[in-house]
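Q: One predicted model, sequence on top.
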There are 2 protein chains.
Amino acid sequence: MYSFINKMNFYSCLTPEEKTAIQDCVDSKHRFARGQRLTGADEKPDKISIVTDGWACRFKTAHDGTDQIISLILPGDQCEDLSSVHYRPGYSVRALSDIRLTRLDRQKFLSRLTPDSGLANGLAWSSVVDTSMMGEWLLNVTRRPAAMRLAHLLCELFTRYAIIGRTDDSSMYFPLTQVALSEALGLSPVHLNRSLQLLRHKQMVSLYRKTLTILDWRQLAGFADFDNRYLHISGKLPVSLRLAS
Amino acid sequence: MYSFINKMNFYSCLTPEEKTAIQDCVDSKHRFARGQRLTGADEKPDKISIVTDGWACRFKTAHDGTDQIISLILPGDQCEDLSSVHYRPGYSVRALSDIRLTRLDRQKFLSRLTPDSGLANGLAWSSVVDTSMMGEWLLNVTRRPAAMRLAHLLCELFTRYAIIGRTDDSSMYFPLTQVALSEALGLSPVHLNRSLQLLRHKQMVSLYRKTLTILDWRQLAGFADFDNRYLHISGKLPVSLRLAS
DNA sequence: TAAAATAAATAACCCAGATTAATAGAGGTC
DNA sequence: GACCTCTATTAATCTGGGTTATTTATTTTA
């Protein structure tokens, strides 16, 4: 649960009481294996699910049966928009690695949300960032050529992972298969592989056995035209990542 | 202002007091000519801008200077996410036709937003729908081939226009140039034109002099794989549009 | 109403990325 | 450790959609 509390605390500023209040909302803990579906597009979630370890994604299935990943869920992220908690979300959620998940009691949780609590503020921020990331995702997928698109996603993920304090120097855990990456980027797996080879040959990244290493952040971010402002993290970033673009 | 009140009333249910309260928040009215920029990506809007007549769009500019339209703003829609009102939005807003715009005083408006007012509820819905539309937009742009993509957008727009009561039988005002359409769909103008010709030859639509006519809704919606559930309009739709796919 | 500017339509050619197929690693599993 | 499955890699070929260019409406402006 710390991952979630930390995230809220990052965007806002929680009082100690609020932190324990979140703990009090914990309903249950679960594990899911990679590939398992957590929620369907038609279900209305009655709990709030938070991934505490591992990666998941929201995705939509197209007319031809292929999936488009519309956002990636890292530790501390909710599986569904909080705002959409009453409605069918229109997307499904799937585990991209083995994951641990904590469910919060929706009723209890919402009752904590007095309008100007730090928690409400943190959630509002988090929702702003979600929307903003989705806009950038759209730009990425429609306007950038394949290798640049991949580079941009890697920059985003490394930055997000750094924010939650899980990067190790210039490396990070990276459980996405190339197929998952291709579903996220709207590319064929074959072409995704070609693009990855390109980034490798240019000595920008290394990706091997679920470990991503950024070999040259400046070059990668420049190549990707990565501008982290859309993540709304302003000053709270390690110095090494500030050289963006 | 009725357009906005109607929209809120569609998603929620406003008391007469709430309706006049919205009126009281009106700060100023403006007109903009087609092509004018209303807001930049870096400005924090201190008013809430609502388009009362005409069309606008949110767009982001890519590395190569081309624009990607990320959502279309029809009469009654806000120019910016309400939730992002404190932050740089990350996109710009541009008029796609001559438009009229009403600005609300942000302070006054937000003070009306007691948590369980009909207005707060309407805004929450509206934000859910915005996010949902964006997800579908992403799917549309990454997974559907050009003609289908265009057909899907036309279905969405016709449905949204029907909801706000501005369609005339099977026709509607449609001010988008082919260039604007191509920016929305992530296609080149040339290929957009080819795709439009296809829909015309198949007798699905006619588009001439800013008037779009749906010649065969069933065929168009089927061809586009259009499923209006993502618009969250459930029962409130004219019978003629319910045959969706 | 003529001239200028903008939008639409079409043709010819090109290319980024898709598709198909075949091979080679890696991880699991019994 | 032999077998099976999933993942990654690479090559060969194809195609949807891009690019460039030209012509023909429409609109707008003067």
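A: Sure, I can see it.

Q: near chain B, which residues of chain A?
A: Proximity of chain A to chain B, by C-beta under 8 Å from any C-beta of the partner chain, involves residues A:58, A:60, A:62-64, A:66, A:68, A:70, A:81, A:83-84, A:87-91, A:115, A:124, A:127-128, A:130-132, A:134-139, A:141-144, A:148, A:186, A:225, A:229-230, A:232. Just so you know, the C-beta spots here come from the backbone N, C-alpha and C atoms, and that holds for glycine as well.

Q: now chain A, which segments are flagged as low pLDDT?
A: A:84-85, A:235, A:237-245 (pLDDT under 70).

Q: Whichever of the residues of chain A next to chain B end up buried, select them in ChimeraX.
A: For the buried members of those, the matching ChimeraX selection, counting by 16 or more other C-beta atoms under 10 Å in any protein chain shown, is:
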select /A:58,60,62,68,70,81,83,84,87,88,89,90,91,124,127,128,130,131,132,134,135,136,137,138,139,141,142,143,144,148,186,225,229,230,232
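
Q: residues contacting the closest residue to DNA strand C within chain A?
A: In chain A, the residue that lies nearest DNA strand C is A:His191 (3.1 Å; C-beta to the nearest atom of the strand). Neighbour list for A:His191: A:146, A:182 [criterion: C-beta atoms under 8 Å, 6 or more residues apart in numbering or on different chains].

Q: Equivalent analysis for A:Lys29, please.
A: Residues near A:Lys29 by C-beta under 8 Å, 6+ apart: A:100-103.

Q: Mark which of those are buried, thanks.
A: Burial by neighbour count, judged by 16+ other C-beta under 10 Å, picks out A:101-103 from the contacts of A:Lys29.

Q: for chain A, what spans make up the strands?
A: In chain A, the strands defined using DSSP state E lie at A:26-32, A:37-39, A:47-53, A:56-61, A:67-73, A:92-95, A:99-105, A:171-173, A:205-208, A:211-214.

Q: Nearest to B:Lys108, out of those?
A: Nearest to B:Lys108, of all those, is strand A:47-53, at 32.4 Å by C-beta to C-beta.

Q: now for the closest one, which elements pack on it?
A: Counting contacts by 3 or more C-beta pairs under 8 Å, 6 or more residues apart in numbering or on different chains; DSSP states H and E, strand A:47-53 packs against helix A:2-11, strand A:99-105, helix A:106-112.

Q: switch the cut-off to 6 Å
A: On a contact count with 3 or more C-beta pairs under 6 Å, 6 or more residues apart in numbering or on different chains; DSSP states H and E, strand A:47-53 meets strand A:99-105, helix A:106-112.

Q: so can I have TSV of the buried ones among the contacts of A:Lys29 showing distance to B:Leu196?
A: TSV is the format used below for the buried ones among the contacts of A:Lys29 (distance: C-beta to C-beta, whole Å):
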residue	distance to B:Leu196
A:Leu101	46
A:Thr102	49
A:Arg103	48
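
Q: closest to B:Lys202 among those residues?
A: A:Leu101 (46.6 Å).

Q: What parts of chain A come near DNA strand C?
A: Residues of chain A lying close to DNA strand C (C-beta under 7 Å from any atom of the strand) are A:145-147, A:186-188, A:190-191, A:209.

Q: buried subset of these?
A: Buried, going by 16+ other C-beta under 10 Å: A:146-147, A:186-187, out of the residues of chain A next to DNA strand C.

Q: before we move on, back to that, wait, which of the strands of chain A is closest to DNA strand D?
A: For DNA strand D, the closest of the strands of chain A is strand A:205-208, at 7.3 Å, according to C-beta to the nearest atom of the strand.

Q: And the lengthiest helix in chain A, how far out from the chain middle?
A: Using DSSP state H to define each element, chain A has its longest helix at helix A:118-143. Relative to its chain's centre, helix A:118-143 lies at 10 Å (C-alpha atoms, centre = their mean, to the nearest Å).

Q: care to break chain A down by domain?
A: A:2-115, A:144-241 (automatic domain parsing).

Q: okay if I get those domains as CSV plus distance to B:Ala221?
A: Formatted as CSV, the domains of chain A follow (distance: least, C-beta to C-beta, whole Å):
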stretch, distance to B:Ala221
domain A:2-115, 12
domain A:144-241, 24
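
Q: out of these, nearest to DNA strand D?
A: Closest approach to DNA strand D among the domains of chain A (C-beta to the nearest atom of the strand): domain A:144-241, 3.3 Å.

Q: is DNA strand D contacted by that closest one?
A: Yes. Counting by C-beta under 7 Å from any atom of the strand, DNA strand D has neighbours in domain A:144-241: A:177-179, A:189-190, A:193-194, A:196-197.

Q: In helices, which of those residues fall?
A: Per DSSP H, helices hold the following members of the residues of domain A:144-241 next to DNA strand D: A:178-179, A:189-190, A:193-194, A:196-197.

Q: between those residues, which is closest to A:Phe158?
A: Ranked by distance to A:Phe158 (C-beta to C-beta), those are led by A:Leu196 at 14.8 Å.

Q: dump the residue contacts of the closest one.
A: By C-beta atoms under 6 Å, 6 or more residues apart in numbering or on different chains, A:Leu196 lies in contact with nothing.

Q: how close does it get to A:Gly165?
A: Distance check for A:Leu196 against A:Gly165: by C-beta to C-beta, to the nearest Å, it reads 26 Å.

Q: rewinding a little: out of the domains of chain A, which gets nearest to B:Val51?
A: Ranking those by proximity to B:Val51 (C-beta to C-beta) places domain A:2-115 first, at 22.6 Å.

Q: For the closest one, measure first residue to last.
A: From its first residue to its last, domain A:2-115 covers 23 Å (C-alpha to C-alpha, to the nearest Å).

Q: what about A:Tyr2, neighbour count?
A: If you count neighbours by other C-beta atoms under 10 Å in any protein chain shown, A:Tyr2 ends up with 13.

Q: go on, A:Cys155?
A: 25.

Q: So the nearest residue to it once chain neighbours are set aside versus A:Val129, what's the distance?
A: Residue nearest to A:Cys155 in three dimensions, not counting chain neighbours: A:Phe226, with 4.0 Å by C-beta to C-beta, 6 or more residues apart in numbering or on different chains. In this view, A:Phe226 and A:Val129 are 16 Å apart by C-beta to C-beta.

Q: ok, now A:Leu154?
A: Using C-beta to C-beta, we find A:Leu154 at a distance of 18 Å from A:Val129.

Q: ok, now A:Gly135?
A: Distance check for A:Gly135 against A:Val129: by C-beta to C-beta, it reads 11 Å.

Q: picking up where we left off before, return the list of helices and strands in contact with the longest helix of chain A.
A: The helices and strands touching helix A:118-143, judged by 3+ C-beta pairs under 6 Å, 6+ apart, are helix A:2-11, strand B:67-73, helix B:118-143.

Q: Kindly calculate the angle that that helix makes with strand A:56-61.
A: 50 degrees (axes from the mean of the first three to the mean of the last three C-alpha atoms, to 10 degrees).

Q: Please give the number of neighbouring residues around the closest residue to A:Ala95 other than its chain neighbours.
A: Computed as C-beta to C-beta, 6+ apart, the closest residue to A:Ala95 that is not its neighbour in sequence is A:Phe32, at 4.6 Å. For A:Phe32, the count of nearby residues is 19 (other C-beta under 10 Å).
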